[in-house]
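Structure of the sequence below:
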Amino acid sequence: MRKALKLNDISFLIGEKAKAPTHVAAMATFHYPPDPGEDYLQNLVRRWRECTRFAPPFNYRYRPWPFPSWDVLDDDEVDLDYHFRHSALPRPGGERELGVLVSRLHSHALDRNRPLWECHVIEGLEDGRFALYIKVHHSQIDGVGGIRVLQSMLAETPDAPPVEPIWAVGMGRTRRAPDEPRPPKMRPKLWPALTAYTRLRGAMLRRRFRPRHDPDNALPFATPRTSLNGRIGAPRRFATQQYDQDRIRAIAVASDTTTNDVFLAICAGALRRYLTETGAMPTTSMTAAVPVSVRPADETEVGNAITFVMAKMRTDIADPAERLAAIHRSTTTAKGHLNRLPKAAMDPYTAMLMGPYLIRIVLGLGAATRPMFNLAVSNVPGPKQTLYLDGATLDAVYPVSLLFNGQALNITLVSYD
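Okay, here's the model as predicted:
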């Protein structure tokens, strides 16, 4: 059995390079349950190894010819010992040791002769914790879909029955009632997408001849080239940080902005400080590509359901409050453009918008000219309640994204609890 790929999903496969693999991942940390016993984690690993049922996309293998598609494998065709691995950290098992391991695991591309995923159970963390690192090719999953499938394999109470591993849960499930009809599939609307793209190209041309026109409108390829926009190597460096949601919400309310604006402002302030300290601060504002999910609520399916908006990070403004206000104006402008598009036009619009960028990536020219944007900054809504894995409490979940030539930094936020 074979399943065809959407154009936007194919782009992550044809754009993949040895030094720029296009998988994404999640790294989750857990606190052991009270009195877990010495063999808690060994029992978990043993039970998961006995589970040899594979749901999409964990039983999909890529076939490029005669057209890009997925081969759907039988359960006995998937080598679980290859995909599921058990590791341990050296002492002291702190955040640095965990970050080094995840950085190394994330640096290596997935084997296209097999289903495109890995799951690692990692023991040896300090403070009575262990971790899961799960990576899947971006052609099969986006950030929102990944969080939903991770959430669907976890329990909402500590005394719930043991959970199934992620490869048995898979994607494609919905919370739709059994007697509720499926919504009709929408045909892609090319004309609204083409109209929106034409407006965007027109704005780019006006910007070229009238640089002061619409200062809040972030346009592709109208951003400065920075030290973050050169060629990249194969090794990755992964770092994590936690912020209190109540504090971010309070700032958003006080400034009449959004929590996403505040998050962009935090990133912009850090970038401004870093580039100033390294003597590489551009005089004009950096631009972020901000993925926007168009995935229906409470539904997962294999593949991507995202589009992008461009937002100015206003790294050229020194005052933090003024910078936040300017970011809010830019994101409001960007969302206004997107909201005028019908949902069925999102895929063709995204293909046209990102097409020039992806062509440069495929041709190896991602770092050769002015960047389309300086970095990607994502905000993925996560579980709103505490979740558990066989009585162990989910402490935090961190996304691990992808990089391309010309884009050496990615920042992604996931909210939790």
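
is it true that residue 65 lies in a strand?
No. If the criterion is DSSP: H, G, I helix; E, B strand; the rest coil, then residue 65 is coil and not within a strand.

What separation do you get for it and residue 18?
21 Å (Cβ to Cβ, to the nearest Å). Where you see a C-beta, it was placed from the backbone N, CA and C, and this is true even at glycine.

Then residue 233?
10 Å.

cool, residue 396 as well?
Using Cβ to Cβ, residue 396 is found at 31 Å from residue 18.

Settle it for me: which of those two has more neighbours?
residue 396 (16 against 8; other Cβ atoms under 10 Å).

how about residue 122, secondary structure?
Going by three-state DSSP: residue 122 is strand.

Give me the pLDDT value at it.
As predicted, residue 122 sits at a pLDDT of 98.

Report the contact partners of the closest residue to residue 128 other than its chain neighbours.
Nearest residue to residue 128 in three dimensions, chain neighbours excluded: residue 32, at 5.0 Å (Cβ to Cβ, 6 or more residues apart in numbering). Neighbouring residues of residue 32 by Cβ atoms under 8 Å, 6 or more residues apart in numbering: 40, 128-130, 392.

Drop anything exposed from these.
40, 129-130, 392 (16 or more other Cβ atoms under 10 Å).

I'd like the residues you listed as CSV, with pLDDT, secondary structure and distance to residue 86 appended.
Shown next, in CSV, are the buried ones among the contacts of residue 32 (pLDDT from 0 to 100; DSSP: H, G, I helix; E, B strand; the rest coil; distance: Cβ to Cβ, whole Å):
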residue, pLDDT, secondary structure, distance to residue 86
40, 95, helix, 13
129, 96, strand, 16
130, 97, strand, 10
392, 97, strand, 15
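
Let's have those in TSV, adding distance to residue 148.
Converted to TSV, those look like this (distance: Cβ to Cβ, whole Å):
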residue	distance to residue 148
40	27
129	24
130	23
392	20
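
For these, name the two members farthest from one another.
Longest distance between any two of the buried ones among the contacts of residue 32 is 12.1 Å, between 40 and 129; criterion Cβ to Cβ.

Mind checking the pLDDT average for stretch 13-20?
Mean pLDDT, computed over stretch 13-20, is 89.

which stretches of the stretch 1-150 of the chain form strands?
In the stretch 1-150 of the chain, the strands defined using DSSP state E, counting those that start in this stretch lie at 2-4, 23-31, 60-63, 69-72, 84-88, 117-125, 129-137.

among those, which is nearest residue 313?
Of all the strands of the stretch 1-150 of the chain, strand 23-31 sits nearest to residue 313, with 22.4 Å by Cβ to Cβ.

Mind giving me the packing neighbours of that closest one?
Judged by 3 or more Cβ pairs under 8 Å, 6 or more residues apart in numbering; DSSP states H and E, the packing partners of strand 23-31 are helix 95-106, strand 129-137, helix 143-153, strand 392-400.

CA atoms only: put the second one into PDB for me.
C-alpha atoms of strand 129-137 as PDB (Å, rounded to 0.1, in the frame of the first residue of the first chain):
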ATOM      1  CA  ARG A 129      14.200  12.300  36.600                       C
ATOM      2  CA  PHE A 130      14.400  10.600  33.300                       C
ATOM      3  CA  ALA A 131      13.900  11.800  29.700                       C
ATOM      4  CA  LEU A 132      12.400  10.800  26.400                       C
ATOM      5  CA  TYR A 133      13.800  12.100  23.100                       C
ATOM      6  CA  ILE A 134      11.600  11.400  20.100                       C
ATOM      7  CA  LYS A 135      12.500  12.500  16.600                       C
ATOM      8  CA  VAL A 136      10.400  12.200  13.400                       C
ATOM      9  CA  HIS A 137      11.000  13.600   9.900                       C
END
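
other SSEs contacting it?
Using 3+ Cβ pairs under 8 Å, 6+ apart: strand 129-137 touches strand 23-31, helix 95-106, strand 117-125, strand 392-400.
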